[in-house]
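Undergrad: A predicted structure for the sequence below; I have some questions about it.
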Amino acid sequence: MREINLKLPGQNDYFTQEAYKVLRTNLQFCGQDIQVIALTSCNENEGKTTVTLNSASSLAELGKRVLVIDADMRKSVMAGRNTNAKNVPGLSEVLTGMETINNCVCQVQYPSFWILFAGKYPPNPVELLNGKYFSQLIQDLRGIYDYILIDTPPLGDVIDAAVIAPNCDGTILVLGDNNVRYRKAQEVKSQLEKAGSKILGVVRNNTRKKKGSY
């Protein structure tokens with residue numbers, strides 16, 4: 001199994017880490033049946049991947065076995081931006097049968113924390129995610145990990161997250177502060193509901209801390 005070094009933005013910031021601990025607690029209060037969670041956003045650059053990785057790290061601190069799946073096979077930045085991994089096979093290779101899951105899952109430097117990267121860009125990401133092999137993969141991984149967090153493309157841009165959502169126990173919507181119009185957020189919410197996804201909540205990201213307040 002490959003070992004990689006993960007870079008977490010805000011790792012040394014007290015207030016940031018406290019916020020993720022609150023998010024972790026809220027996830028646990030969602031119930032024991034919430035194991036596979038999709039994270040999406042309305043637009044790019046709302047901090048969805050950062051929220052996914054920090055939430056996974058926070059859960060792993062409790063000794064939970066956590067897997068992050070990078071399901072943005074169209075335009076993934078996770079491997080290049082957040083790790084030292086290069087040319088690592090991932091989800092696309094697993095779903096096409098080119099690689100086994102054991103050859104693609106990477107162990108990060110934190111205990112109980114693994115990542116399955118997106119892999120090479122396939123010509124048919126929606127078809128792969130909507131196929132039986134993706135559903136079977138998630139079902140198999142449920143028996144190995146306590147939590148599986150799936151980082152999906154922005155639902156305001158492409159439909160991938162709505163295709164992934166039925167395989168999950170719930171979805172978290174990450175909204176960049178002042179970056180999303182109300183109407184677009186409502187449209188994304190409606191798409192998730194039509195897909196039969198349970199919306200666990202919203203993470204309001206990129207907010208500014210007021211002076212003199214906690």
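TA: On my side now, so go ahead. Numbers count the residues shown, from 1 in each chain.
Undergrad: OK, contacts around the spatially most central residue of the chain?
TA: A centroid search over the chain (CA atoms, centre = their mean) returns residue 151, at 2.5 Å, as the residue closest to the centre. Neighbour list for residue 151: 39, 48-49, 52, 68-72, 78 [criterion: CB atoms under 8 Å, 6 or more residues apart in numbering]. (Each C-beta comes from the backbone N, C-alpha and C, glycine too.)
Undergrad: Please apply the same query to residue 11.
TA: Neighbouring residues of residue 11 by CB under 8 Å, 6+ apart: 17, 54, 57.
Undergrad: ok, now how distant is the first one from residue 23?
TA: Relative to residue 23, residue 17 is positioned 11 Å away (CB to CB, to the nearest Å).
Undergrad: which residues are in contact with both of those two?
TA: What both residue 17 and residue 23 touch, as defined by CB under 8 Å, 6+ apart, is the set residue 58.
Undergrad: ok, for the residue nearest to the centre of the chain, nearest residue in space, not its chain neighbours?
TA: Excluding the flanking residues, the one nearest residue 151 by CB to CB, 6 or more residues apart in numbering is residue 52, at 4.4 Å.
Undergrad: name the helices or strands packed onto the strand or helix carrying that neighbour?
TA: Element membership of residue 52 [criterion: DSSP states H and E] is helix 48-60. Applying 3 or more CB pairs under 8 Å, 6 or more residues apart in numbering; DSSP states H and E, we find helix 48-60 packed against helix 14-28, strand 36-41, strand 66-70, helix 78-82, strand 113-116, strand 147-151, strand 170-176, strand 199-205.
Undergrad: Poorly predicted segments of this protein, please.
TA: For the chain, the stretches flagged by pLDDT under 70 are 177-180, 207-214.
Undergrad: mind redoing it with 80?
TA: 1, 10-11, 177-180, 206-214 (pLDDT under 80).
Undergrad: contacts for stretch 80-97?
TA: Taking CB under 8 Å, 6+ apart as the rule, stretch 80-97 contacts 2, 4-8, 49-50, 53, 69-71, 73, 79, 98-101, 103-104, 106, 108, 115-122, 125, 128-129, 131, 133-134, 137.
Undergrad: out of those, which are inside helices?
TA: 49-50, 53, 79, 125, 128-129, 133-134, 137 (DSSP state H).
Undergrad: farthest pair in the residues you listed?
TA: Using CB to CB, the ones in helices among the contacts of stretch 80-97 span at most 28.7 Å, a distance reached by 50 and 133.
Undergrad: Name the residue in those two with the higher neighbour count.
TA: residue 50 (20 against 13; other CB atoms under 10 Å).
Undergrad: my guess is the more buried one meets residue 7, correct?
TA: No - contact criterion CB atoms under 8 Å: residue 50 and residue 7 do not qualify, at 10.3 Å.
Undergrad: ok, the residue nearest to residue 103 when sequence neighbours are not counted to residue 95 distance?
TA: In space, not counting the residues next to it along the chain, residue 103 is nearest to residue 89; the distance is 6.7 Å by CB to CB, 6+ apart. Distance of residue 89 to residue 95, computed by CB to CB: 11 Å.
Undergrad: Between those two, which is the more surrounded one?
TA: Between residue 89 and residue 95, counted using other CB under 10 Å, the more crowded position is residue 95 (23 against 19).
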